[in-house]
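Student: here are the coordinates; sequence isn't available:
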């Protein structure tokens, strides 16, 4: 009997449009002969199943079921394709755990921790995971620009602490631009992180659970046409994503070992994509994405393809692992 698979997409953050693209790729890729597949849009004002004619049916949040033409549909598994809140910060994971439906991404604690850049880096620091020098601000804190620059130097990056896809991020070269960058980041989040600039090769490393084993995928090198890997570079073609990355064998071994260590230390499952920059030949962790992009242009599917894993195999494995 075919399993009913709900693909959740959308979300409450600036990333919702990217999430809809990812979710639709999953929907179009999964075999309709193997699964009954349903697109579920999760927005703040509505949770709905959207059929192939764009008709919407309201989800019953009590048990995550849906009534379609007087037939109640329950789901065997949820494929999580929500980037940002509430799919990447632990809320949906907690909800599905409470109602007993398996889902494809990591567990709630891991999602909440990795979504909070400063907390995640703090947890990993005792394990020897290197990161850029950083300075933290909460909304309402007094801002001492001299203290910030003394700690992190210039240029520096100002980022929303809990936001993905390069929303709310600025590269600051001059002290007089710092306040504007801070205000920009606070539009995305009430916590921000200001990091020193690391001048080196930037790479993205996919680590997934695939067919029961932790698998490090081929590394992608990020070469941005812009000043850094911002939204334009990531989604509008203003970057080169080179897979496999042009690293020395030593660099490759170091970052592979480190990415797997991060995945294991945090007791991750599902898909992950970690970003690193090499400084003096040592990889420094920037952040971890637990619901990475899944469009045809996205980095993780590119890496899987390089490893000989098709999109269908990648998505089916995620469902199989969740159903275990």
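Tutor: Right, received. Where do you want to start? Computed from a prediction, not measured in an experiment: that's the story for all the values here. Numbers count the residues shown, from 1 in each chain.
Student: continuing past the lowest-mean-pLDDT helix or strand in the chain, what's the next helix or strand?
Tutor: Least confident helix or strand, the chain: helix 231-235 with a mean of 48, by mean pLDDT, DSSP states H and E. Following helix 231-235 in sequence order, the next helix or strand is strand 239-242 (DSSP states H and E).
Student: and that next one, how far out from the chain's middle?
Tutor: 18 Å (C-alpha atoms, centre = their mean, to the nearest Å).
Student: Next, the buried residues of it.
Tutor: For strand 239-242, a neighbour-count test (16 or more other C-beta atoms under 10 Å) marks 239, 241 as buried. Using the backbone N, CA and C atoms, a C-beta is placed for each residue, glycine as well.
Student: Now it: average pLDDT?
Tutor: Averaging pLDDT along strand 239-242 gives 87.
Student: Which strands or helices does that strand pack on?
Tutor: Where contact means 3 or more C-beta pairs under 8 Å, 6 or more residues apart in numbering; DSSP states H and E, strand 239-242 is packed against strand 220-224.
Student: Now find how far off-centre the strand it packs on is within its chain.
Tutor: Worked out by C-alpha atoms, centre = their mean, strand 220-224 lies 17 Å from the chain centre.
Student: Pull up the pairing partners for that strand, direction included.
Tutor: strand 202-210 (antiparallel), strand 239-242 (antiparallel) (DSSP bridges).
Student: which is the next helix or strand following the last one?
Tutor: On the C-terminal side of strand 239-242, the nearest following helix or strand under DSSP H and E is helix 249-265.
Student: buried residues in that next one?
Tutor: 251-252, 254-256, 258-260, 262-263.
Student: ok, which pair from the residues you listed is furthest apart?
Tutor: The span of the buried residues of helix 249-265, defined through C-beta to C-beta, is set by 251 and 263 at 18.7 Å.
Student: if I look at the spatially most central residue of the chain, how far off is residue 317?
Tutor: In the chain, the centroid-proximal residue (C-alpha atoms, centre = their mean) is residue 289; its distance is 2.8 Å. Noted for residue 289: a distance of 18 Å to residue 317, by C-beta to C-beta, to the nearest Å.
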